[in-house]
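Student: Structure here, sequence nowhere to be found:
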């Protein structure tokens with residue numbers, strides 16, 4: 001692991017599903033960036049394989065063997081939330097981050113994300129709608145994303161401008177306290193995390209990002225929308241949260 005003994009330790013998780021074609025390149029790019037620009041912290045990279053059916057796990061194991069600052073987890077069931085829970089609850093790091101394997105969010109936003117947690121925030125999120133962000137995506141994805149936030153604001157009084165950007169960080173303390181409350185194991189995980197953090201009074205920091213859509217994304221839009229709406233309905237019915 002790449003750190004001095006007194007440095008705060010950062011764990012950067014890359015959840016992956018059938019990403020053999022991009023995994024090695026992205027890990028190499030991330031390692032190079034961290035070595036150059038995250039010098040005030042110790043760090044390591046965790047590859048989280050979500051039941052891939054291609055050679056992703058094989059590539060992950062090879063990278064784990066090649067680099068002392070890379071490790072790999074494997075789960076037999078899919079679900080981004082499931083992998084984030086699995087990896088972060090077992091991590092020894094003080095600061096936990098995750099990002100999409102395609103590196104669609106510019107890595108320049110990573111040091112400020114980590115620093116926000118080091119400065120006392122419980123949760124820090126990259127937001128594609130925040131002032132100063134630069135976003136390149138299809139009109140279809142833009143409409144879906146904006147529409148989802150409108151629904152969250154209307155039905156849940158959601159205070160944040162983005163829920164599902166794959167670029168987040170948390171303190172280990174907040175992970176230990178919040179994760180046992182989160183029921184979703186898939187894409188609604190991000191929204192549920194932020195909703196709970198807000199309702200329970202945790203400090204959440206939003207940061208602008210430069211984000212470019214991955215045209216080869218593995219996300220199934222319609223299924224994700226359906227699962228998100230089921231999650232929103234569940235949150236609306238959770239009376240115990242509204243009473244806090």
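Tutor: Now that the structure is in, tell me what you want to look at. Please read these numbers as outputs of a predicted model, since none were measured by experiment.

Student: secondary structure class for residue 125?
Tutor: Using DSSP: H, G, I helix; E, B strand; the rest coil, the structure places residue 125 in strand.

Student: in this structure, which ranges drop under the pLDDT threshold?
Tutor: Across the chain, the ranges flagged by pLDDT under 70 are 1-6, 215-221, 239-244.

Student: in it, which spans are strands?
Tutor: 9-16, 42-50, 70-75, 95-99, 123-127, 134-136, 167-171, 204-208, 210-212 (DSSP state E).

Student: Out of these, which is closest to residue 36?
Tutor: Set against residue 36 and scored by C-beta to C-beta, those come closest in strand 42-50, at 11.8 Å. Quick note: C-beta positions are derived from backbone N, CA and C, even for glycine.

Student: Tell me how far the residue lying closest to residue 214 once chain neighbours are set aside lies from residue 118.
Tutor: Sequence neighbours aside, residue 102 is the residue nearest to residue 214 in space, at 4.0 Å (criterion: C-beta to C-beta, 6 or more residues apart in numbering). Residue 102 sits 26 Å away from residue 118, going by C-beta to C-beta, to the nearest Å.

Student: Compare neighbour counts for these two and give me the winner.
Tutor: Just comparing residue 102 and residue 118: by other C-beta atoms under 10 Å the higher neighbour count belongs to residue 102, 19 against 16.

Student: Do I have it right that the more buried one meets residue 21?
Tutor: No - the pair residue 102 / residue 21 is not scored as a contact, 10.5 Å apart, by C-beta atoms under 8 Å.

Student: what sits against residue 236?
Tutor: Shown in contact with residue 236 (C-beta atoms under 8 Å, 6 or more residues apart in numbering): 155-156.

Student: Can you name the residues that contact residue 80?
Tutor: Contacts for residue 80 (C-beta under 8 Å, 6+ apart) come out as 15, 50, 166, 186-187, 189-190.

Student: ok, now how distant is it from residue 208?
Tutor: From residue 80 across to residue 208, the span is 23 Å (C-beta to C-beta).

Student: try residue 148
Tutor: The gap separating residue 148 from residue 208 is 19 Å, by C-beta to C-beta.

Student: What of residue 139?
Tutor: Noted for residue 139: a distance of 21 Å to residue 208, by C-beta to C-beta.

Student: Which residue of those two possesses the greater neighbour count?
Tutor: Neighbour comparison, residue 139 and residue 208: the larger count goes to residue 208, with 18 against 7 (by other C-beta under 10 Å).

Student: give me the number of residues near residue 8?
Tutor: For residue 8, the count of nearby residues is 15 (other C-beta under 10 Å).

Student: Do I have it right that it meets residue 42?
Tutor: Yes - Residue 8 lies in contact with residue 42 (C-beta under 8 Å); the separation is 6.8 Å.

Student: Nearest to residue 89, out of the strands of the chain?
Tutor: Set against residue 89 and scored by C-beta to C-beta, the strands of the chain come closest in strand 95-99, at 9.4 Å.

Student: Tell me what angle the closest one forms with strand 167-171.
Tutor: Angle of strand 95-99 versus strand 167-171, following axes from the mean of the first three to the mean of the last three C-alpha atoms, to 10 degrees, is 170 degrees.

Student: Helices along this protein, start to end?
Tutor: Ranges of helices in the chain, per DSSP state H, are 23-37, 56-66, 80-90, 110-118, 139-156, 172-178, 189-199, 221-237, 239-242.

Student: Give me the distance from the longest one to the chain's centre.
Tutor: Taking C-alpha atoms, centre = their mean, to the nearest Å, one finds the center of helix 139-156 at 19 Å from the center of the full chain.

Student: quick one: buried residues of that helix?
Tutor: Residues 144-145, 148-149, 152, 156 are the ones in helix 139-156 that count as buried (16 or more other C-beta atoms under 10 Å).
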